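1. Here is my input, please return the structure:
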Amino acid sequence: MAKANEKELYWVRIGHLFDYDGLARQHGLPKGELPRGAIIGELRGCLNDALMVEDGHLEKVPADAHPVQCGICELWFLTDGMRTAHGNRDHRPRRTPDLAVAAASGHDPMGRYDPALIDVTGDAEEADRESLIHWDQKG
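-> Numbers count the residues shown, from 1 in each chain. The predicted model follows:
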């Protein structure tokens with residue numbers, strides 16, 4: 001049983017199916033649906049609260065949880081992995097290859113590489129070689 005000063009917080013176990021009391025719209029989520037892992041806080045006395053808990057759509061946040069917050073929409077998530085999945089689905093531009101993102105943001109104004117965006121696959125270097133215009137060659 002929870003102590004008097006402890007709140008019973010709940011998280012979304014089955015995501016992208018519903019909004020809870022306008023929370024997804026408040027945070028500007030694209031489809032107005034809460035993602036898996038989002039912490040909704042205390043139950044607010046909505047019509048289907050008991051049914052949502054009984055059916056497993058909502059679960060109590062474990063006492064040993066260490067929630068993390070999304071830096072874009074400011075929702076709180078049960079785990080870092082759930083926050084990352086939410087970011088990839090709800091905030092990342094669709095149809096943008098990872099290498100294109102790295103190429104667009106991989107250099108600072110001084111022309112140095114950002115060490116966090118090093119291409120370990122070699123794909124970017126190969127693409128650069130194929131697209132180079134060789135001004136010194138006749139042809």
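2. what bits of this protein have low per-residue confidence?
-> Low-confidence regions of the chain, defined by pLDDT under 70, span residues 1-6, 93-139.
3. Helices of that one, start to end?
-> With DSSP state H, the ranges of helices along the chain come out as 23-26, 49-54, 80-86, 98-105, 123-131.
4. can you list contacts of the third one?
-> This points to helix 80-86. Contacts to helix 80-86, defined as C-beta atoms under 8 Å, 6 or more residues apart in numbering, come from residues 35-38, 68-70, 75, 77. To be clear about C-beta, it is placed using only N, CA and C from the backbone, and glycine gets the same treatment.
5. Can you tell me which of the residues you listed end up in strands?
-> Secondary-structure check on the contacts of helix 80-86 using DSSP state E: residues within strands are 68-69, 77.
6. Considering these, which is situated nearest to residue 8?
-> The shortest gap between residue 8 and any of the ones in strands among the contacts of helix 80-86 belongs to residue 77, at 17.8 Å (C-beta to C-beta).
7. And the buried ones among the contacts of helix 80-86, selectable in PyMOL?
-> Under the burial definition 16 or more other C-beta atoms under 10 Å, those of the contacts of helix 80-86 that qualify are selected in PyMOL by:
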select buried, resi 35+36+37+38+68+70+75+77
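8. Dump the contacts of helix 80-86 to TSV, plus distance to residue 45.
-> Written out in TSV, the entries for those read as follows (distance: C-beta to C-beta, whole Å):
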residue	distance to residue 45
35	23
36	23
37	23
38	19
68	27
69	25
70	26
75	21
77	24
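9. among the contacts of helix 80-86, which two are most distant?
-> The most widely separated members of the contacts of helix 80-86 are 36 and 69, with 15.9 Å between them, by C-beta to C-beta.
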